[in-house]
Every structure is written in structure tokens, then in C-alpha cells.
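S.K.: just to be clear, the model below is a prediction. Sequence and coordinates:
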There are 2 protein chains.
Amino acid sequence: MKIGFLIIGSEVLDGKITDANTKLLADFLKTHHLEINEAFVARDRAKAISEALQTLWAQNDIVITSGGLGPTKDDITKETLAAFLDRALIYSKHSHHVAEENYKRFERPFPGKDHGYCYLPEGFFPLSNRTGLAPGFYTDNGKKLLFSAPGVPREFKSMLEEHFIGLIAERMDKTYIRDNVIIRTKGIPEEKIFAEIVPGLWEQLEEFGEVSSLPIIMGVDIGVKLKARNLDEMSSKVAAIHHIIDTSALRPNVWHYGPESLEEKIVVLANQKKIKFGFAESATGGLCSHRITSISGSSQCFMGSVICYDEKVKEHILGVSAKTLKECTAVSLVCANEMATGLRDKFSVDIAISITGFAGPGGGNDKYPVGSVCIGRAVKNTPAQAHDFHFKGDRELLKQRFAQAALHALLEEVEQFS
Amino acid sequence: MKIGFLIIGSEVLDGKITDANTKLLADFLKTHHLEINEAFVARDRAKAISEALQTLWAQNDIVITSGGLGPTKDDITKETLAAFLDRALIYSKHSHHVAEENYKRFERPFPGKDHGYCYLPEGFFPLSNRTGLAPGFYTDNGKKLLFSAPGVPREFKSMLEEHFIGLIAERMDKTYIRDNVIIRTKGIPEEKIFAEIVPGLWEQLEEFGEVSSLPIIMGVDIGVKLKARNLDEMSSKVAAIHHIIDTSALRPNVWHYGPESLEEKIVVLANQKKIKFGFAESATGGLCSHRITSISGSSQCFMGSVICYDEKVKEHILGVSAKTLKECTAVSLVCANEMATGLRDKFSVDIAISITGFAGPGGGNDKYPVGSVCIGRAVKNTPAQAHDFHFKGDRELLKQRFAQAALHALLEEVEQFS
């Protein structure tokens, strides 16, 4: 069952927003062992939408569209779909009702039966929208299914969850179960993994299914797509892959099996071990704390942080000594140690991680040019330790790399903590 | 000149990453008054890439591809392009040289002339890569130009900057200059703006160029694409649009003309006025600080923050009274006021903004269910004030809305500060 995705919105092609719906759709489909075959981004123009539809319609069994269902004049998805499928746009009592209910949920008066939301192409059915005003819709001729939802990610997502799987239940392939093995590594470039560390690994994994390799910040994610006739067969395939990796030279660089993020892994493990932690963030400016607090359950283990962008905050709030700031400067192993120790003691946490560095574009010196960062670790009852790292990139990328290095340091400490 | 963009990478369609290159390309083209006509995302499979190429090749003058140039077995862009254009893949001395230079820059030994980086389709030219190992390449038959760069956003971006405009200089239309007017509003839903607040505004703006409307967090961005024969004509068009908005009922809700983000506007204005500020962040967990510190120049105005996720941090670091935490609880106007005041006094800033609320999924009470937030403002020599807001969404969206509300509060205070 091939699924094509049409993203309708000039705002994506104009760089005003980054499309979030492809990821939402992919993640949603994955839980049902389905995938996107291909995606197309088209401008809010009838010709562009029709041309994209033609390509996707020819090559897929299901076409999902997002965007262009709103109330403004550049929202022309419905009209264009009607023309493409040669259907008239007609008043639909059913769509009128769905739209009215959407408005009621937001305590807004519905403008009445002349409103565009009451019109649908012939043979289309409206879909209620829990999280917005515009109804979605679908049409199914037995061969092809077309499913349209608004482009606002929240609305797109809730409409998928509420309506989509029900519509395709009968088409789903029940012969196989599917799963993905993800091997998350750090510290070795993609090319070295397959050419030097474990030559032949790609071919070995390929015997189990389609292999992929994705460089991410400070590491590489290796993926294998599996297919099996039952759970036993699937478990033994997964176990075999784990065994290959566990007995390979790559093992020391694997920090996780599975799709979980670094921050998810930290929060789950810290909560299990009842560890409390916090950050003294300078160069990352709040990014470490933001990543941790995006995880549900982080309020149990994450006490808080000091974002010490200015030296006075390092000195007066964290207790870094004036001497250190003057003689060693703020970007130094000594300062990182004092920041981590200060945070640990003032916040009474088990583990404190500190980050001080140069994210640029200004700053830096001979020893520590832009891209350098010192990361300190202060664990309860233990003297603090700090390490320095050197990365490349612009300000935003450097912040991300510094934060990734700091979270890897935190994960190591959480794993070792007893 | 129509530009089609082909994103090659199963990782995007599998939701492992969100494509960042469309935005990078759009932003880059915008500075040269060009735009992406359409974009296609294809899996790392020869058939999928060829089919997408066929569509884009037929409908565009220039096709740009990103991804699939790396060293692993799923990197098949070059082979597929060669087959699509019916060219043989041959050893290229030039490409060998470019690849060797790329490796030198990273102080890595180049594997030698059998390496895939030394091979190119006939009639293709290699392009050096300042930020990575894989060379890019292009081919131009006078009618159509094909330009291929790696998918890693840093490499894709630097290759565009270094090579792309030079390659298309002769094709560029010099008859018109182009510009975009962006009107950034807050506080009114999209539908109300055009139906109730300023009916007829869309049609009025349409006389100047293509109009778009984009709902963003807590607001709507209205865009108008302008075309003019010279700078004078452009200036008078821009002035006419500003006049229409300035004399309309929409004016009080316009917070900015232009593409700048809320955090950029805050940093620029605070630096001009030499204002120092900081945050006491609970529910936003570092997001406000992260957004501000992503802006170059923020180190002049942003002193730092306390992320006070736990009540003990609110009490012991910010000085919120135990009585307030017990009687009013942590999510209350009183607590928000004390957090902001504490931050202002301890960090010696001119303006402190505090955020305390329920981002869910747990927490909340009758008065303040999940989605509620109290935002406090403590300005030098003035008693603190706090306001509450109620939003909808999941944890991640609520964090974003809370942060947006907090930054709008900060912008207001920075604007009023004297």
C-alpha cells in the first residue's frame, strides 16, 4: 500500500516555516507499520497543486494532503481537488454540521450556510476537527483514497489520529509484522564505521532488511527495517542484530538501541535511580534545560538550572571566584569545575553539569577559538571534573553540539551513579 | 526561472529527521529574489529518485538535489543521475583533486583513486565542499542546470553560498527587483482579521502583489510579494502598504514589519537602549533563554536566568516565600510576581520576566488547568505585575506558547522602558 503525501503551502517553499507534518505523518504511520512512499511540496496555486496531484495519484494508492483548507483566499485545496477529480463543489449538510460543531467547541458563532466550510466536492465526506475550525474530508473509490487535513501541525496530527486508520483498516496487510532496529552511536564518523571499525557490517545487517545510516549531531544512527511472520521470528531477528553489534568493535560507541532521544533516556534512567540533577549553562543558553523539560516526567529528576550568560551571574549566583574569572577566564576547565560545583551545592542536586564555551560569531582566543567548550561534572561527594571539546559550525549548530556533548556527559554520570 | 528541489533521503520520509534544507534554500534564494517552484522528497532508491527527477526536470529550468552523496551503500544519487541523463560514470581527475582537498581540510588521509568521490557522470563538474568530505557537482546543457549538494544542512548551505549564484548569474532576470513585505500580528485569529477586523484588506493588498496569510504561535503573519522596476517604485509600494496598515483597525495588533523574529527584535532594541534582562523560567524550562541566546549580540543584554523547575529552587534561589508556595501554590500570580522580583534583584537586571504554569500532561487544578500560565514582569524601581493566560495544546506546543507570551511581555517592557 503506497502512500503519497502532498504538502500544500507556499510558506514552506518560501522558508517562512519548516514543514513539520512529514515527520508527524511518518511517526504516526510507523506505529501502524506503514510508511510514506514520497512527498511533494506545492505552492498555493491551482496549477501547482494539480500537477503534484497528478504525479502522486499515478504512483500511490493513498494520497494525503495537508494545508490550504483555511478561510483565506489563498486556501484553494478543496476547489482544486474538485476540479482535478472532475467533481462539482456542492453544499453539504453533513459538512455544515461538522463545521458548526467545530465552532461550538471553540465557543465561536458559526457564520452560516454560505460559509466555505459547508461546501464539499461531490462524493467527498467531511471529517470533524477536534483542535481547529476547518473540517477535513476524504473520498474513496475503492481503488484510491484521498484524505485531506489542515496544515496546522496540531490539527493535522489530531485528524490523523482520529480518522485515518479507520479509513484504511481494510486495506492493511496483515501477513507481516514490521519493526525497526535503531542503533545509536556516538564519536565515530559515518565513513569510518563501515570502512574501518566494522567493515562488512552493512552487508551483514542487510541480510535482515533495508539498512540506513544517518549522521546526527556527534554520532550516527544505523537503522534496519525488519519484517517477520510472527512475534517469535521478530524477536529472534532483533536479538541476532543486537548480538552482532554487542560482539563487534562498534560496541563501545553504541549509547542506545531504539528510537529514544538522549534526553528521554536520561529522564527515564534518572527517575528509576531517583537522581536529581541540574545545569549551569553558559554557552548553551538554556538549550540543555529546554531539551530535558520537553520530556514528560522530567519534573521528578530535573531540579533546575542557572543560565549564567554574564560573568556576574557566574560569580554572584554560582560562586565562581573572581580570581578564576580573571586569571583563567570564563571559558576554562577551572571555571567549568567551579560552575558545576556551585550549581550542585546551591541546588542540592546529585549531579550538576556545566557548559562554558564560545558559540560565536564573536569571542574566542588562541587556546579556545570559537567552537570550543568546557564541560564540567560535579557529582555528590566527588571532586568536580571538566573536559574540553572543539567543534565546527555556526552559532546555532555549535549550541546544539555543546548541548549534545553536555547531555552525553550527564547520561554517563547517570549510568555510573550509585 | 523555475527552480525545482529534490530532497533525497528515506530518513525524512521515515520521520527520523525534519528536512531543514528547504528552508535553507528558500532563505538563500530569497536574498537573490528567487524562489523554489516546487519540492519533492524521494527515498534512497533508484526508481524513486528517477521518477521524482522526471517530474521536476519537465517542469523546471533548474533542479537542485540534496542528499545521497555520502560514502555508504544507500548513497546512490550520482549513479541514479548518471542513468537518468544517460551518461557513463567515469573517473574524473578533477573530482579526485577536489575530494583530496576536502580531506586535507579535515586532516584525514584520502583513500585513493578507487574511492567513489573520484567518479562523476560524463559532462559533470565537481564542486569543492568547505564543510564536509563529499564533493558536490553540476551539469549545464544551456537549457537545464542540475546542481547536487550533500544533505547535511551545514554542507548544503555552504555549497549553495560558495557555488550556486555564480552558476546561474547569466540566467538571472535583471528587469525587476523584488521584495517581500511581512506584517507580523498577534492576538487575533486569521479568520477574524479578514472577515471582521479589516474586511477588504486582502483585496487591497492584492493590488500590490501575491498575498499570503500564515498563522503562527499566538498570531498571524501577512505577506505581500512585491515587484518593481527600480528602488523608488519599490519604496513607494512599501510605504503605501505600511500606510494602509497603520491607518487600519489592525494596527494595535501589529508588533513588527519585517521578517525578524520576536527574539531578534528584543535583542536589537534592548542593545540600543542598553537594557539588561533575564528570566525566571519554570514551565518554559529554558526555552525563553534558549531563543534569546540563539541571537548574536544577546550577550550584551541577556544576563542570565534561573530555571526553577522545583519549588525548592523557587524558594532558595529566587526567594519566593514558603507562605506563597503553600497558600497560593507555585502556579499563581503572587508566585509569578515574587519570581520576577527575585530574579530582578538577585541578577541586578532592568527587566525580569517570570513564567510559571502547567504544560502537562500531569498537574493543573480547577482554577488553572493544564495550559494555564502566569507571566510576571518586574521592572527596575516599579512593583511587579503578573497576568494569566490559557492555551491549548500538548506539552511541546504549550511550552512554545508560554514562551511566546513571555517574549511578547518582554518586548512590551523593552519598548516602554526609559
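M.R.: It's in. Numbers count the residues shown, from 1 in each chain, chains lettered A, B, ... in the order given.
S.K.: counting by contacts, list what the helix ranked longest in chain A packs against.
M.R.: Ordering each helix of chain A by length in residues (DSSP state H) puts helix A:395-416 first. Applying 3 or more Cβ pairs under 8 Å, 6 or more residues apart in numbering or on different chains; DSSP states H and E, one finds that helix A:395-416 contacts helix A:262-272, strand A:277-281, helix A:287-293, strand A:351-357, strand A:372-379, strand A:385-390. Heads up, the C-betas are built off the backbone N, CA and C, glycines and all.
S.K.: so for chain B, which of the ones you listed sits nearest?
M.R.: helix A:287-293 (2.6 Å; Cβ to the nearest Cβ).
S.K.: quick one: is the closest one near chain B?
M.R.: Yes: using Cβ under 8 Å from any Cβ of the partner chain, helix A:287-293 comes into contact with chain B via A:287-290, A:292-293.
S.K.: identify the farthest-apart pair in those.
M.R.: Among the residues of helix A:287-293 next to chain B, the pair separated by the greatest distance (Cβ to Cβ) is A:287 and A:293, at 10.9 Å.
S.K.: need the residues touching each of the two.
M.R.: residue B:286 (Cβ atoms under 8 Å, 6 or more residues apart in numbering or on different chains).
S.K.: OK, contacts around residue A:115?
M.R.: Residue A:115 touches residue A:99, counting by Cβ under 8 Å, 6+ apart.
S.K.: right, I mislabeled it, should have said residue A:403
M.R.: So residue A:403 contacts A:284, A:287-288, A:291, A:355 (Cβ under 8 Å, 6+ apart).
S.K.: and residue A:140, by the same measure?
M.R.: A:146, A:167.
S.K.: again with residue A:286
M.R.: Taking Cβ under 8 Å, 6+ apart, one finds A:305, A:307, B:281, B:286-290, B:293, B:305, B:307 in contact with residue A:286.
S.K.: now the buried members of those.
M.R.: A:305, A:307, B:281, B:286-290, B:293, B:305, B:307 (16 or more other Cβ atoms under 10 Å in any protein chain shown).
S.K.: now the residues you listed as TSV including distance to residue B:156?
M.R.: TSV is the format used below for these (distance: Cβ to Cβ, whole Å):
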residue	distance to residue B:156
A:305	33
A:307	31
B:281	33
B:286	29
B:287	27
B:288	30
B:289	29
B:290	24
B:293	25
B:305	33
B:307	34
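S.K.: so which of those comes closest to residue A:213?
M.R.: Of these, the one sitting nearest to residue A:213 (Cβ to Cβ) turns out to be residue B:290, at 29.4 Å.
S.K.: list the buried residues in stretch A:132-150.
M.R.: For stretch A:132-150, using 16+ other Cβ under 10 Å, the buried residues are A:132-140, A:145-150.
S.K.: and what of stretch A:20-38?
M.R.: A:20-26, A:28-30, A:34-38.
S.K.: what sits up against that stretch?
M.R.: Everything outside stretch A:20-38 that qualifies as a contact, by Cβ under 8 Å, 6+ apart, is A:1-5, A:7, A:39, A:56, A:59-60, A:64, A:66, A:151, A:153, A:156-157, A:160-161, A:164-165, A:172, A:176-180, B:12-15, B:17-19, B:40-43, B:48, B:51-52.
S.K.: buried ones only from these, please, as a ChimeraX command.
M.R.: Command for ChimeraX that selects the buried part of the contacts of stretch A:20-38, burial taken from 16+ other Cβ under 10 Å:
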select /A:3,4,5,7,39,56,59,60,64,66,151,153,156,157,160,164,178,179,180 /B:12,13,14,15,17,18,19,40,41,42,43,48,51,52
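S.K.: so which of the contacts of stretch A:20-38 sit within helices?
M.R.: Reading helices off the contacts of stretch A:20-38 with DSSP H, I get A:56, A:59, A:153, A:156-157, A:165, B:12-13, B:48, B:51-52.
S.K.: what about the helices in the stretch 101-250 of chain A?
M.R.: Listed in chain order, the helices of the stretch 101-250 of chain A (DSSP state H, counting those that start in this stretch) span residues A:153-159, A:165-168, A:190-192, A:201-206, A:231-246.
S.K.: isn't residue A:350 up against residue A:381?
M.R.: No: with contact defined as Cβ atoms under 8 Å, residue A:350 does not reach residue A:381; the gap is 9.4 Å.
S.K.: got a list of what residue A:96 touches?
M.R.: If you count contacts by Cβ under 8 Å, 6+ apart, then residue A:96 has A:113, A:117-118 around it.
S.K.: now list the buried members of those.
M.R.: Applying 16+ other Cβ under 10 Å to these flags A:117-118 as buried.
S.K.: which one among the contacts of residue A:96 gets closest to chain B?
M.R.: Looking across the contacts of residue A:96 and measuring by Cβ to the nearest Cβ, the closest to chain B is residue A:117, at 10.2 Å.
S.K.: now tabulate the contacts of residue A:96 in JSON lines and tack on distance to residue A:222 and pLDDT.
M.R.: Below are these laid out as JSON lines (distance: Cβ to Cβ, whole Å; pLDDT from 0 to 100):
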{"residue": "A:113", "distance to residue A:222": "56", "pLDDT": "91"}
{"residue": "A:117", "distance to residue A:222": "47", "pLDDT": "95"}
{"residue": "A:118", "distance to residue A:222": "51", "pLDDT": "95"}
